[in-house]
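J.: my questions are about this predicted structure, shown below with the sequence.
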Amino acid sequence: MAASSERSPPPFPDSEEPELLEDSDEGADAFTGTSISEMDSPSPDSTRPPKDIFNEPLEDIFSDPLSNINSEPQKKVDTKIPSPSSDEVVDLFSDPLDDDSEVISSPEVQNPMPDLLNEPVQAPKSDVLGEPPVHKNAARQQYIFEDPPKGSSKSSSVKKAASAELFGDEDEEDLFKELPKVVTKKPQPLGPPVDVFTEVKSDVKVKPQVKDDPTDLFTEEALTAPAPKPSASSSSSRTNGVHSEEHDLFSEATVELSLDSPRNDRKKKDAVKPSVSAPVAPVASSSSKAPSKTLEELEEEESEDTFDLNISVTNPEKVGDGMNAYMAYKVSTQTSLTMFRSKMFTVRRRFSDFLGLYEKLSEKHSQNGYIVPPPPEKSILGMTKVKVGKEDPSSAEFVERRRAALERYLQRVVSHPSLLQDPDVREFLEKEELPRAVSTQALSGAGFLKMLNKATDAVSKMTIKMNEQDVWFDEKIQDVENEEQHMRKLHIMVESLVNHRKELSGNTAVFAKSVAMLGSSEDNTALSRALSQLAEVEDRIEQIHQEKAANDFFTFSELLADYIRLLGAVKGCFDQRMKAWQRWQDAENMLQKKREAEAKLLWANKPDKLQQAKDEIAEWEAKVTQYEREFERISATVRKEVIRFDKEKARDFKRQIIKYLESLLNSQQQLIKYWEAFLPEAKAIA
Amino acid sequence: MMSNLDINFFFEDFRLNAYILNVDLQTDATLQVDISDALSERDKVKFTVHTKSTLPNFKQNEFSVVRQHEEFIWLHDSFVENEEYAGYIIPPSPPRPDFDASREKLQKLGEGEGSMTKEEFTKMKQELEAEYLAIFKKTVAMHEVFLCRVAAHPVLRKDLNFHVFLEYNQDLSVRGKNKKEKLEDFFKNVVKSADGVLVAGVKDVDDFFEHEKTFLLEYHNRVKDSSAKSDRMIRSHKSAADDINRIASTLYTLGTQDSTDLCKFFLKVSELFEKTRKIEARVAADEDLKLADLLKYYLRESQAAKDLLYRRGRALVDYENANKALDKARAKNKDVLQAETTQQVCCQKFEKISESAKQELIDFKTRRVAAFRKNLVELAELELKHAKGNLQLLQSCLGVLKGDT
């Protein structure tokens, strides 16, 4: 990274600068990629081309970033592309599409190019161009020195950090000022930016690979029409994880929208990877052509496609000693989604990281009415046992139980289309080191605050008397309440079954021993033999009971526990909706009051204050409309979410219970085998 | 509380069991005893003892009397106290009917009726009634086994008290033991067990008895252990079955909440659980009947055999003491005649006991092996039957569920 930017010193011609700036960005990827390609690909040379291209004529450089973009997610295969594509621009645009089936991202990336070339403002070139490279150079160098040996996934984080440092607040402000404009400029008839926001989110989640590309596209834009804002937004969109999500989403929104029409055309041609690209077509068309298409319909489509994303949580490992000890889990992700930097990666996370993830997600999403899957509860008792470090079976079971729960938790998070798009999720899965989640400790100040908040929430919940207009919600709220109650009951019973099965297993083992003893003291040889056979059978049955108990627990009881928690989250969504309603109602009341005041003023004939009152009314009217819209939006989201939740629930339950029954079936088969083997022994007693 | 009809319904089942436990070597039709009916009243159970006989000392060929548990105990005690039968294994007395726990539960259920839904109540009630019936059934079976054993015994069947017990159609007016008698019994037992230790320490002259003694001591302890363990195992099996039952009913309520796909799914699973519950409960009940009861019976029977060995050991010690006394008397030439007669009585007694005891112990072993064989075979068959039933149930249910999804 440093190398490349050093190679592009400031005194370059103006027109060249932006490219180099962006190049340095892209090239950086490819470069830090060298360390990766040394691991991943056999020939580190394959990453060379980009570097050479830098030194080539301008026209080539122009095409260059594109190919680098390809190289970013796709690694080695794509890094080879630069050489042919650098020959001529036209070639590049048509080429990858037809030739390289692997490069899905490229079609989308490349096509916009002409559009972008024409579209953006071509004006203020030089001022922008001059500056950023300098900054970057410095920053990059610093970084390189600080941590040179990092993978390409690293490089992104490095970049993030770097650009965060570089551009800081200023850029974000910039971005914010600019973005709404960009949005409204676009052909998108989507209305207020808020809608765009959600729209884009749903868009993005279907087509994850877009995610990486847009940012690059933006840099593309910076190339051709180098204005301060795009480069700023490109950088800030890279700051995903560091800054709050809003920026990111907005920047993406702009990108998405600007790309819509071209990509749409492209989509139709591009049927390379149906699993990924197929869902994109409807979404893209819906966002560009038929915005009237409801979100619900979109949801339906999405729920049908399968995410090619496998997450497993394995290898729980105790780190440290004493009360500061904690369990670290290996989180491995296997995916073909191009939004991730590689197909397989592994990170180590501790329990509080999982909680931290939840905190972040729920802070961002729950107020919008999303059902954020809750993580397993903290268990001070269980963890203390583990900490104390006696290798007893109960703490091993605790760890296993938690491991499984964490795995399911993550799977639920990533199977939620909007949450999967959250940069925090990606960061959680990909980033090597996470900042320690601090506010998750049960006995901390933050924990206390949370408790306080919960308490006030509960109080306000009781005080809000919402007269429900929507029959659907009315019924659903009641249903969820009942369901939760029954689930709790069921859960208690299944727990009791687990306990009794364990007890049975223990007792069977004891009995088996006892029968073995009886057999050994029996003086009739055949009977003695039969008794010891019986003891063996009972021993095996004990195993079966144990398996059954584990099955009861892991496939049935934990499923219920998960859903009790999830139903709690669903209830939380209803509460959010109620809060929105309350806000709206309050605003209504306020408006009413203002109107009355105005009437009074009119009557009292005080024209001097009348204007002020009118202004206030206008202000509150706007607020009422806004809150009402918000309420409607949240209602729609909650409704959509609950429908999705119900579907997931049905699928989960069916799958789990069938799994449960299959395992029971298996146990029965074994049981039959054992008794069948015993029968002739019993008959042999003479 | 329990209608006779209900109980009769169960009778066929455990009559079978009774005969299995009581594999008698003798197959003659001169005296056949069974319990044809039983009636549970407030705190006692009335058994109708039915006798069929061609023996001349009975007035009729076929007759029935009503007997209570205390009368069975009296009969048993009369055997034990009879010196004549010292050389035989006295069939163990049947255990006291114990319905208290079950009754208590039923009462609690009645109190908690308001707090439950109707379905839950009916289900609980059925469960408890089934439990009650099972205990009842077992009690009757144990009493019948006792009578059958006596009736099949070549010597005991001729006992006068036994005949009175069978034939006298009035109340035998046996009273329970009073406190003084109970205390006496207690002291007797203490003395007996202390004596037993002493006697057991005496080296037997006969290898057969020496071997039997060590075997029985060990066997008794182990069978006791096994019996207790099997009880615990079966109890937890039953609780697991109860849990499954409750899960089924909760699933049912979950399923009736709505009419979505998932609810239908829940209903089907609930149905499956309900059926599984029945099978599991049957498995537990059959294990109880075929395994736990068998062990329990042999716990008591081995105790009876041990008692026999104790009596023989006592007689041996007496005989040896008498020999010593005779030697002493001869040396002192005093009371020789008296000592000689004592010695002879003891010798006779010992030899008589030894003779019959040997046969009894051999019979005991044959009976035991046969009983274990029958019960274990049946246990395995029943387990297989239930497991296969369960398997089929699961298979068909899974077929339906998978077809649906």
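T.: That came in fine, so what should we check first?
J.: can you show me the helices along the stretch 201-350 of chain B?
T.: Along the stretch 201-350 of chain B, counting by DSSP state H, counting those that start in this stretch, helices occupy B:207-256, B:261-287, B:293-332, B:336-404.
J.: for A:E495, find the nearest of the ones you listed.
T.: Across the helices of the stretch 201-350 of chain B, A:E495 has its closest neighbour in helix B:207-256 (9.1 Å, C-beta to C-beta). Bear in mind the C-beta positions are built from the backbone N, C-alpha and C, glycine included.
J.: can you lay out the helices of the stretch 201-350 of chain B as JSON lines showing distance to A:V459, mean neighbour count and mean pLDDT?
T.: Below are the helices of the stretch 201-350 of chain B laid out as JSON lines (distance: least, C-beta to C-beta, whole Å; neighbours: other C-beta atoms under 10 Å in any protein chain shown; pLDDT from 0 to 100):
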{"stretch": "helix B:207-256", "distance to A:V459": "31", "mean neighbour count": "20", "mean pLDDT": "89"}
{"stretch": "helix B:261-287", "distance to A:V459": "34", "mean neighbour count": "20", "mean pLDDT": "88"}
{"stretch": "helix B:293-332", "distance to A:V459": "61", "mean neighbour count": "19", "mean pLDDT": "89"}
{"stretch": "helix B:336-404", "distance to A:V459": "45", "mean neighbour count": "17", "mean pLDDT": "89"}
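J.: let's have these in CSV, adding distance to chain A.
T.: Shown next, in CSV, are the helices of the stretch 201-350 of chain B (distance: least, C-beta to the nearest C-beta, whole Å):
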stretch, distance to chain A
helix B:207-256, 4
helix B:261-287, 4
helix B:293-332, 8
helix B:336-404, 4
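J.: how about those helices in TSV, adding distance to B:Q60?
T.: As requested, those are exported to TSV (distance: least, C-beta to C-beta, whole Å):
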stretch	distance to B:Q60
helix B:207-256	40
helix B:261-287	38
helix B:293-332	31
helix B:336-404	30
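J.: which bits of the stretch 551-686 of chain A sit near chain B?
T.: A:646, A:649-650, A:653-654, A:657-658, A:661-662, A:664-665, A:668-669, A:671-672, A:675-676, A:678-679, A:682-683, A:685-686 (C-beta under 8 Å from any C-beta of the partner chain).
J.: now with 7 Å?
T.: A:649-650, A:653-654, A:657-658, A:661-662, A:664-665, A:668-669, A:671-672, A:675-676, A:678-679, A:682-683, A:685 (C-beta under 7 Å from any C-beta of the partner chain).
J.: what about those residues, which are in helices?
T.: A:649-650, A:653-654, A:657-658, A:661-662, A:664-665, A:668-669, A:671-672, A:675-676, A:678-679, A:682-683 (DSSP state H).
J.: show me how far stretch B:147-159 is from its chain's centre.
T.: Centroid displacement of stretch B:147-159 relative to its chain, using C-alpha atoms, centre = their mean, to the nearest Å, is 17 Å.
J.: first-to-last residue distance for it?
T.: 12 Å (C-alpha to C-alpha, to the nearest Å).
J.: name the nearest residue to B:D231, sequence neighbours excluded.
T.: Nearest residue to B:D231 in three dimensions, chain neighbours excluded: B:A292, at 5.6 Å (C-beta to C-beta, 6 or more residues apart in numbering or on different chains).
J.: how near is the one you found to B:A248?
T.: 26 Å (C-beta to C-beta, to the nearest Å).
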